[in-house]
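S.K.: need the 3D shape of this:
(2 chains)
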There are 2 protein chains.
Amino acid sequence: MPVVTFQPSEKSIEAAAGSSLLECARLADVSIDAPCGGKGTCGKCMVRILAGSVDSQSLGALSQELVADGYVLACKTKILHDDVTVETPQRTGWDGGKFVESLEEECLIRRELLPDKWEFDPLAVKWMIEVPPAGLEDGLSDFDRFTRAIQHDWGQYDVACSINVLRGLADTLRIDNGRVTVSLVREGSRIHVLRVEPSDGTVRNYGIAVDIGTTTVAVQLVSLEVGKIIVTHSDYNGQIACGLDVISRINYARQPERREELRVRVLKTINGLIKKATGAHDVLPSEICNAVISGNTTMLHLLLGLNPEYIRLDPYTPTIMKSLYLPASEVGIEINPDSRVCLSPCVGSYVGGDITAGLLCTDLATDSPDVNLFIDIGTNGEIVVGNCDFLMACACSAGPAFEGGGIDCGMRAALGAIERVEVDPATGVCRKWTVGDTKPLGICGSGMIALLADLFLAGWIDSAGKLNRDKPSPAIEFSGRSAFYIVATAEESGTGKALRISESDIENIIRTKAAIYSACALMLKQVGMTFNDLTCIYIAGGFGRFLDLDKATVLGLIPDLPRDKFKYIGNSSLMGSYMTLVSRDYYQRQIELANRMTYIELSSDPAYMDQYTAALFLPHTDPYLFPTVHAAMK
Amino acid sequence: MPVVTFQPSEKSIEAAAGSSLLECARLADVSIDAPCGGKGTCGKCMVRILAGSVDSQSLGALSQELVADGYVLACKTKILHDDVTVETPQRTGWDGGKFVESLEEECLIRRELLPDKWEFDPLAVKWMIEVPPAGLEDGLSDFDRFTRAIQHDWGQYDVACSINVLRGLADTLRIDNGRVTVSLVREGSRIHVLRVEPSDGTVRNYGIAVDIGTTTVAVQLVSLEVGKIIVTHSDYNGQIACGLDVISRINYARQPERREELRVRVLKTINGLIKKATGAHDVLPSEICNAVISGNTTMLHLLLGLNPEYIRLDPYTPTIMKSLYLPASEVGIEINPDSRVCLSPCVGSYVGGDITAGLLCTDLATDSPDVNLFIDIGTNGEIVVGNCDFLMACACSAGPAFEGGGIDCGMRAALGAIERVEVDPATGVCRKWTVGDTKPLGICGSGMIALLADLFLAGWIDSAGKLNRDKPSPAIEFSGRSAFYIVATAEESGTGKALRISESDIENIIRTKAAIYSACALMLKQVGMTFNDLTCIYIAGGFGRFLDLDKATVLGLIPDLPRDKFKYIGNSSLMGSYMTLVSRDYYQRQIELANRMTYIELSSDPAYMDQYTAALFLPHTDPYLFPTVHAAMK
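M.R.: From the prediction side, this is the model:
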């Protein structure tokens, strides 16, 4: 079979003649974006043939210039019997992005925001019981005596367990004279026994909190004995090769075998992170007796292998939204197979469990009458406004720009990511700080925001995001009609190549911020409010350790309000998962939140397009909305 | 690797040098009995080496004569690098025994005894619902609307389903405008949805009733739409190769990998029977949404892969006895993977779910004050005495003689089995009738009872079961110190070889009947009663279509009472499974029966041995116990 080699990753794969380059790339785990699902219409899967001949059936909207240079659409190009070498657009973020444990946690978690008022009362408990020995005439089985011992301590629950637990019960009861430690979860009037160990094993009780983002997946290993976070790891979602955003994934998932592929891909990411976390801390996966997983509605559907098609189609109906409590073995999470996996409840097609989890980190989950706004900026943007009396939620398609997606040298907040930038207004050259103080490998969301805000205020880019051709700077390069801003030269950069921001990268950022800002504005309008009515604005997202709110205001990503009204809360989906994991109170609160939230479909409101278009400038077309920014520009 | 060939079955297998012949036989699926579990102490695994050299490490108690003839103990003999040919004792029953559908059902089921008063109300129901279409602003998922439609018809149950069912839900709801048929079971306050089909699929609703005997397994395919038995099939339990009785199996199951082997073996038998039943009647295994399985405590433990060791060890404690309701996929039964498998509740180590199921076919399960006795004669004998106020149960180790086990030409009540016999008192030659009117292949329990009773009454065998050496008959043959009764000559027989009953076969029958009779007698004594206090005696077992009660009394298998007090009820475990399958009322009744039954451990009563020894004669050492038999002898 012919061999297809992808550059620059040098990944190669054997494939049957007639396979499309897009299929080959997926098999080789090389990410090529194809939001249209391979129909040849979006043009995003453009790749360049370096060697070998191929059969290109459609060139879509590719320019003659590009075609002459060897560019084709991967989805519409089939391999023949030749070996082929293909160049794919390089994305530092997807392929690079190593993480350092200590930094990783700082990037994901705002420990100071974890509420300290939760009562430590995890869903999964370890408990030592003493089961009396078997008697000749008592007519009781091992399970009968075991059940009674549990009921003696916990009350009249039904006690249930899997065959797997039953298999070891008889021997385990006899190792230490009936002293056993039971891992259990309570579900209504029933106690599920997940594991039985001899003697006192209560010290080693672990759980995991998981956030499945469209772009990144984070897993946190937690000691349920004391609620301590042992370690947090994250990685790119293995589904990225099948589409960068939710809609591409849904398109990709049309056939059942592709749904299965997506399911396996995200499980591989999650299970890999679990293995990494447990391996380094001497924990066995079988000692993990509970998992709480949050993610957007599509991610949770794909995790379960559900057909996400109807999420995308009017009237946008998910298969399921309620909180689920499923056996790990059924879900495919590689921890104790009998343990429960709790999936956070969703509220609508585009407001998922990541939001109901995230809200647990805010006052929107409390009985405060103050109206607050919650903005989660990920590949999708989700917005919730409300207080103890009402909660309304909506979503907008933001795109992964702030997580490094769609930006040439973009990457997430990981080792080597430029996370802070200061531009010299005289020269246009920037100083930068990276995660881990290493040579820069790329730029993450917070760095990008700071960079663009500085460039805009100093006049290097205009309101439309175009680089100023009349103001020469050693940091700005032109190539034909294109212009680039050099964040790091080839010498400075850790990749050996200059890190450049193109005008199309800037456009991506502007589209993303416009989607979020306009959604917030429209949402408030629909409830008859303005930004000024808000007590607090919570901003969640994967911006890393820092998010410069002044600079985010300059871009028009967030409204121009007193800075003390904002709270940056990091990966609140992961933190909310953690809170549910260690507290039944938060678990209940999340279900209540989901039940009382009203979901608004923004795409059905014709006013959305107007709001969006008006926001496609820095900071906005309406200067009165951003008075302090306009004052600073003068 | 050397090849081991077994005769007469001609099965052969490649095995590593150093493997024991017993292991080789199991791998080749050749049954060799080894009740001691391969310790070399019981001597039952004796085989004869016909060709090749072997390493025999212990000859146990084998006589020099046998050793000179090439006999060895299979468990203590290892193969070397040579190919070996081994002769194993031939057991018609295990290897032969084909079944004819129509006869099979007659042999297993006494349809006339199935109570007609049960309310048809199966555990698993199929129900058509109409789910309204998704709305844009209703905030409901597919599962929400689906749940409400079920609750509309069934009331406020919690509705749960597996991921598997969820996966198909969205598409299925959209095939016929929300008209779907739901397969469901009710469990407490919860409805489990097992399957969702488009449109009206209520007609095709199937269940299976299963009886797992130590020797034979029976599976019945039932239409749950109307409760009709579609077909009944049975086969030998695939575990027979690992031991003939419960104790041998428990010994065999010591290592976890052997427990797994036993589990897989019985599943293979059950799943094979399901395949046969469904295949011939155009039913898909996925259309079967419920299974009720009854079996003795050990069989149910082995089905689940539980360690049965503690059933055998004082104080004889099973891991679990209560009724279980488990997903088919977890148990390994190949029907709809989400459907529930209901395991009948057990009462003690040796009174299992086959008995609680069997009692459903008797008045012991009703509120009658009459005291009745229930005797289930299988490889183990189980006895229950009681009425609406009390129920006591005990068990005895009967052995598989009445099912063809341990009898040279024994077989179960299947095609070709001699089921009725009449001996000419003048010549000692017998007339015989076979199942299916074919040439005889062996003799089943009912035939054996009739034969021995006639021979005894006419004086061809004495009270101790010895053939009369002073009364020549063309049907009796002598060979050295051994004597044989010829049931069928080589010409008459369907196997080409004469069917002979040895004195050791007769001894086996006497031991079996003594075990059962003495257990009944002791049991009654313990409750302060005699046989005369009984209103009815129910006899269950695999005797086929006929059990001649007069002749069973002659042998002393059952007490000498007016014949109208007896009811032969066939395979009551299978019938009870059927009744539970089609009626929730019987399901509840079975659980109540199990709860109110007191289990007595006979082996702990020193009087048992006395009773047993006294019963080791035909009909009994005490003539006053069998007055009508003694009258007939004169």
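
S.K.: only C-alpha atoms for contact and neighbour calcs from this point on.
M.R.: Will do.

S.K.: low-confidence ranges in chain A?
M.R.: A:34-37, A:41-42, A:90-118, A:634 (pLDDT under 70).

S.K.: give me the nearest residue to the most centrally placed residue in it, chain neighbours excluded.
M.R.: The geometric centre of chain A, computed from its C-alpha atoms, lies nearest to A:G213 (C-alpha atoms, centre = their mean), at 1.9 Å. Excluding the flanking residues, the one nearest A:G213 by C-alpha to C-alpha, 6 or more residues apart in numbering or on different chains is A:G295, at 5.9 Å.

S.K.: dig out what that neighbour forms beta bridges with.
M.R.: Taking DSSP bridges as the rule, A:G295 bridges to A:I212.

S.K.: what of A:Y325?
M.R.: Residues in a beta bridge with A:Y325, per DSSP bridges, are A:C342.

S.K.: I'd guessed it sits against A:P345; true?
M.R.: No. Using C-alpha atoms under 8 Å, A:Y325 makes no contact with A:P345, being 10.3 Å away.

S.K.: give me the more crowded residue out of these two.
M.R.: A:P345 (30 against 15; other C-alpha atoms under 10 Å in any protein chain shown).

S.K.: the more buried one and A:Y310, how far apart?
M.R.: Per C-alpha to C-alpha, to the nearest Å, A:P345 is found 18 Å from A:Y310.

S.K.: tell me if I'm right that A:Y599 and A:V384 touch.
M.R.: No. The pair A:Y599 / A:V384 is not scored as a contact, 9.1 Å apart, by C-alpha under 8 Å.

S.K.: what's the overlap in contacts for these two?
M.R.: A:M392, A:A393, A:C394 (C-alpha atoms under 8 Å, 6 or more residues apart in numbering or on different chains).

S.K.: what does chain A put close to chain B?
M.R.: Applying C-alpha under 8 Å from any C-alpha of the partner chain, one finds that chain A approaches chain B through A:134-137, A:139-144, A:163, A:166-171, A:304-307, A:310, A:314-321, A:330-331, A:347-348, A:598-601.

S.K.: of those residues, buried ones?
M.R.: Buried members of these, scored by 16 or more other C-alpha atoms under 10 Å in any protein chain shown, are A:134, A:139-144, A:163, A:166-171, A:304-307, A:310, A:315-321, A:331, A:347-348, A:598-601.

S.K.: narrow the residues you listed to those in strands?
M.R.: Using DSSP state E, the members of these that fall in strands are A:T598, A:Y599.

S.K.: mind checking which of the buried ones among the residues of chain A next to chain B are in helices?
M.R.: Among those, the members falling in helices (DSSP state H) are A:142-144, A:163, A:166-171, A:304, A:310, A:331.

S.K.: list the beta-bridge partners for A:C396.
M.R.: As for beta bridges, A:C396 partners with A:G381 under DSSP bridges.

S.K.: that one contacts A:G378, doesn't it?
M.R.: No. In this structure, A:C396 is not within contact of A:G378 by C-alpha under 8 Å, at 10.1 Å.

S.K.: what's the spacing between the residue in the stretch 501-634 of chain A that chain B sits nearest to and A:I212?
M.R.: Using C-alpha to the nearest C-alpha, the single residue of the stretch 501-634 of chain A nearest to chain B is A:Y599, 6.7 Å away. Distance of A:Y599 to A:I212, given as C-alpha to C-alpha: 21 Å.

S.K.: again, but for A:S31
M.R.: Separation of A:S31 from A:I212 (C-alpha to C-alpha): 18 Å.
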